[in-house]
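1. test case, fold it:
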Amino acid sequence: MANKVVNHEGVVKGVNDKYVEVTVLAKAACLSCQLNGVCSVSDVEEKVIEVSKFPTKEYKLGQKVEVEMKESLGVKALLLGYVYPFLVVLTVLIVVYALTNKQGLAGLLSIGSLVPYYLILYLLKNKFRKIFTFSIK
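-> Alright, predicted model coming up:
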């Protein structure tokens, strides 16, 4: 099975030694994309993405480029951002209610369990930056 990619048109906003900053423009075409519910690019009008720079290529401010990402990474992002936190909340809710029989406490602790979850994601952001990579086509 070939790796499918999701493409978005963008404009070079900034260039440094390691990265090219690309402003991705959301278009109506995002609605037809299979990952429009997963990809946050379709939810906003503009989003700045850091793309690893190839040493052999030169990019200029305002240059139009096409940014691509593997479709499988969109699914991973969906799992990390929505599915796993839902499972954490649901698990904590069921376990705390089963142990204490107090709905209020179970509800508060289940919602509060998102704080350490997203804190862990934040602390691992550099690792995720290496996993969730974009490239310029």
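
2. and the strands in the chain?
-> Under the criterion DSSP state E, strands of the chain are mapped to 5-15, 19-25, 46-52, 64-70, 135-136.

3. give me the mean pLDDT for stretch 19-34.
-> The predicted model assigns stretch 19-34 a mean pLDDT of 67.

4. let me redo that: stretch 92-102
-> Along stretch 92-102, the predicted local confidence has a mean pLDDT of 97.

5. in it, what's buried?
-> The neighbour-count check on stretch 92-102 (16 or more other C-beta atoms under 10 Å) flags 92-93, 96-97 as buried. C-beta: built from backbone N, CA, C; applies to glycine.

6. list phi and psi for the most far-flung residue of the chain relative to its centre.
-> Summary for the chain: using C-alpha atoms, centre = their mean, the residue whose C-alpha lies farthest from the chain's mean C-alpha position is N101, with a distance of 36.6 Å. Main-chain torsions, N101, degrees, to the nearest 10: phi 60, psi 30.

7. looking at the strands of the chain, which is nearest to I120?
-> With C-beta to C-beta, the closest approach to I120 among the strands of the chain belongs to strand 46-52: 21.8 Å.
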